[in-house]
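just need the structure, nothing else, for what follows:
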Amino acid sequence: MNKTETKSRYEVIADLEAQKRNLIRERDSMNDKVKEHEQVIKELKRQIEDAELDLKNFKESMDDKRVTITELIKSIDESLKRLSELRSQKK
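Next comes the predicted model:
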């Protein structure tokens, strides 16, 4: 056996041990990855629930908002009518 063959064997062993450590780390981190995905899903569900509540609240207030907007439109129409009448009277 010459020195380069021995070194190559040590390198091969070191590489295999490094691969083994990486695989062990990957295997051991799988539960953490599952937890991360579950947390993301939990957050997305919370966002959906919030959006659904916002929509429900909006739907509940729609009728009142329509009435208010309709009244504002009438008020503007009346103001425009008065301004038009004033202009007509000045002529």
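
need the pLDDT of residue 1.
At residue 1 the predicted local confidence, pLDDT, stands at 51.

with residue 71 instead?
97.

tell me how far residue 31 lies from residue 38.
Distance, residue 31 to residue 38, by C-beta to C-beta, to the nearest Å: 10 Å. In this view, the C-beta of every residue, glycine as well, is placed from N, C-alpha and C.

with residue 46 instead?
From residue 46 to residue 38 the distance is 13 Å (C-beta to C-beta).

in the protein, which spans are helices?
Ranges of helices within the chain are 3-90, based on DSSP state H.

where in it is pLDDT low?
1-6, 91 (pLDDT under 70).

try it again at 90.
Judged against pLDDT under 90, the low-scoring parts of the chain cover residues 1-9, 85-91.

CA atoms of stretch 26-41 as PDB?
Below are the C-alpha coordinates for stretch 26-41, written out as PDB (Å, rounded to 0.1, in the frame of the first residue of the first chain):
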ATOM      1  CA  GLU A  26     -32.200  15.400   7.300                       C
ATOM      2  CA  ARG A  27     -34.000  12.500   8.900                       C
ATOM      3  CA  ASP A  28     -34.100  14.100  12.300                       C
ATOM      4  CA  SER A  29     -35.300  17.400  10.900                       C
ATOM      5  CA  MET A  30     -38.400  15.900   9.200                       C
ATOM      6  CA  ASN A  31     -40.600  16.400  12.200                       C
ATOM      7  CA  ASP A  32     -39.600  20.000  12.400                       C
ATOM      8  CA  LYS A  33     -40.400  20.500   8.700                       C
ATOM      9  CA  VAL A  34     -43.800  18.900   9.300                       C
ATOM     10  CA  LYS A  35     -44.400  21.300  12.200                       C
ATOM     11  CA  GLU A  36     -43.400  24.300  10.000                       C
ATOM     12  CA  HIS A  37     -45.900  23.200   7.300                       C
ATOM     13  CA  GLU A  38     -48.600  22.700   9.800                       C
ATOM     14  CA  GLN A  39     -47.900  26.200  11.300                       C
ATOM     15  CA  VAL A  40     -48.100  27.700   7.800                       C
ATOM     16  CA  ILE A  41     -51.500  26.000   7.200                       C
END
